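Engineer: Sequence below, structure please.
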Amino acid sequence: MPTPQTPLWDCDPHTKAKHELLRRYLEAWFPILLQGPHARDGITYAEGFAGPGIYKGGEPGSPVVALQVFLRQRRFLDAGKRLNVILVEEDATRLQLLRSQVEGAAAQHGSTPPTMNVNFHQGRCADALVPALHAADAMAGPTFAFLDSWGGPDIPLDIARAIAKAPSSEVLVTFGTRFLMQFGNAEAHQAKGDRAFGGTSWRKVRELPSREKKSFLVSAYRDSLNAAGFPYVISFEMLDEGGHDLHLVFGTTSHKGLEKMKDAMWKVDPIRGVTFRDPRDPDQLQFEFSFDPDTRPLQRAILDELAKGERTLEQLKEFALLETVYRPPHVTPVVKYLLERGIVVRHPTRGQLSGDKIIRLAPEEPARMDTLF
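Structural biologist: The predicted structure follows:
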């Protein structure tokens, strides 16, 4: 954890994977939104825990990663498109370092385009971010907020509520299980939990056995972002070799934004020592985002969904997009595998497997399903 005495820290595998995800998503997000119908007044990229912009080994921090994406595609800005960058950092020493890193990154690309405004604010994210967004008139256009809290500080849900009011808005929130599980003792953390979850429904966690608390709290936070104004929310976990984990939760008002984030997730290059898992997978299987992934969690999720009733292939693809870490293209091979094993059946039975084909569990499915996992 950084301190004023040690303003720089090591860039761990979690951070490298997280920055790779951010870079790949912004490469898709930036041109799409700048050319979209809501970009007349510009778009905004914001960070609530911006840090110093550099790590001990010289690796760039997330504000510099984002700036590099924007400047590599500066043709949009040179054509008159407007971009606000709002960076909030509580510590004065880190903020000073951040300014120099941002200036250095801009200098490497010639100069800062006149239509790109970078605003630095010293203060706590909970207090300073929303006023900074309003001061820059950011709420008039699309906003992407990266709330990378180093796994510790609480982030009031009021921040997400405010950002959701902007058209085509999005938030990417990170936290560690240690932060999440403190709410397992609901009585000791009621006030903080109520702020983070935006209400009291999360308090039901105290009634659950220990093995169910994490999954419940992740689902509760997803529900909170839904209620805050983000209809599309996904989450996943990163784990390193020491068992340390990091949760990432993405909320967006755009179906297309969700698709692009999923695409970015599955394009992240494998990083030594980092694996992933769906925090709501009951088996907590770990896997890599790769060309040939382990789809056992998706198989189980599809079977659980079909236990509720028959679905078309297109409905199963939408389910995978919205409710799992997988992408729609992963669904067809899984369904084909389940069909071949006789675990599910389709109607009508003739013809190729297409989007409108109805898929249902086979009558003897429970017995055969035991052989899958």
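
Engineer: Just the terminal-to-terminal distance for stretch 199-209.
Structural biologist: For stretch 199-209, the first and last residues are 22 Å from each other (C-alpha to C-alpha, to the nearest Å).

Engineer: State the mean pLDDT of it.
Structural biologist: For stretch 199-209, mean pLDDT is 85.

Engineer: Please determine how far F30 is located from P231.
Structural biologist: According to C-beta to C-beta, to the nearest Å, F30 and P231 sit 22 Å apart. Any C-beta I mention is one placed from the backbone N, CA and C, and that applies to glycine too.

Engineer: which of these two has more neighbours?
Structural biologist: F30 (22 against 14; other C-beta atoms under 10 Å).

Engineer: sec struct for the more buried one, please.
Structural biologist: helix (DSSP: H, G, I helix; E, B strand; the rest coil).

Engineer: Could you pull out the strands in the chain for me?
Structural biologist: For the chain, the strands defined by DSSP state E cover 43-47, 83-89, 116-122, 143-148, 170-175, 232-239, 245-252, 275-277, 311-312, 344-347, 358-361.

Engineer: Next, the buried residues of the last one.
Structural biologist: For strand 358-361, the buried set under the neighbour-count rule, 16 or more other C-beta atoms under 10 Å, comprises I359, L361.

Engineer: Quick check: end-to-end length of stretch 266-275?
Structural biologist: Counting by C-alpha to C-alpha: the opening and closing residues of stretch 266-275 are 12 Å apart.

Engineer: Counting neighbours, what do you get for the residue lying closest to I54 once chain neighbours are set aside?
Structural biologist: Residue nearest to I54 in three dimensions, not counting chain neighbours: Q101, with 5.1 Å by C-beta to C-beta, 6 or more residues apart in numbering. Other residues lying near Q101 total 19 when counted by other C-beta under 10 Å.

Engineer: Does Q101 touch S62 like I think?
Structural biologist: No. With contact defined as C-beta atoms under 8 Å, Q101 and S62 do not form a contacting pair (11.0 Å).

Engineer: circling back to that earlier point, now the residue nearest to I54: how far from D245?
Structural biologist: Q101 sits at a distance of 28 Å from D245 (criterion: C-beta to C-beta).

Engineer: what do you get for K267?
Structural biologist: Between K267 and D245 the computed distance is 21 Å (C-beta to C-beta).

Engineer: between these two, which one's more packed in?
Structural biologist: Using other C-beta under 10 Å, the more surrounded residue of K267 and D245 is D245, with 21 against 15.

Engineer: Just confirm the more buried one contacts E237, I think it does.
Structural biologist: Yes. Counting by C-beta under 8 Å, D245 sits close enough to E237 to count as a contact (5.2 Å).

Engineer: Neighbours of E170, how many?
Structural biologist: Summarising burial for E170: neighbours were counted as other C-beta under 10 Å, giving 26.

Engineer: what do you get for Q190?
Structural biologist: By the measure other C-beta under 10 Å, the count of residues near Q190 is 14.

Engineer: and if you look at R195?
Structural biologist: Applying other C-beta under 10 Å, we find 15 residues neighbouring R195.

Engineer: And it, how close does it get to L258?
Structural biologist: When R195 is compared with L258 (using C-beta to C-beta), they lie 26 Å apart.

Engineer: Please apply the same query to V344.
Structural biologist: Plainly put, V344 is 26 Å away from L258 if you go by C-beta to C-beta.

Engineer: Who has more neighbours out of those two?
Structural biologist: More crowded of V344 and L258, by other C-beta under 10 Å: V344, with 25 against 21.

Engineer: can you pull the contacts of the spatially closest residue to the more buried one that is not a sequence neighbour?
Structural biologist: In space, not counting the residues next to it along the chain, V344 is nearest to L338; the distance is 4.5 Å by C-beta to C-beta, 6+ apart. Residues counted as contacts of L338 (C-beta atoms under 8 Å, 6 or more residues apart in numbering) are Q299, I302, L303, V344.

Engineer: and the two most separated of those residues?
Structural biologist: In those, two members sit farther apart than any others by C-beta to C-beta. They are Q299 and V344, at 10.2 Å.

Engineer: Show me what stretch 18-29 is in contact with.
Structural biologist: Identification of contacts with stretch 18-29 by C-beta under 8 Å, 6+ apart yields 45, 59-60, 62, 65-66, 68-70, 73, 144, 146, 148, 170, 172, 174, 238, 246, 248, 257, 260-261, 263-265, 267-269, 271.
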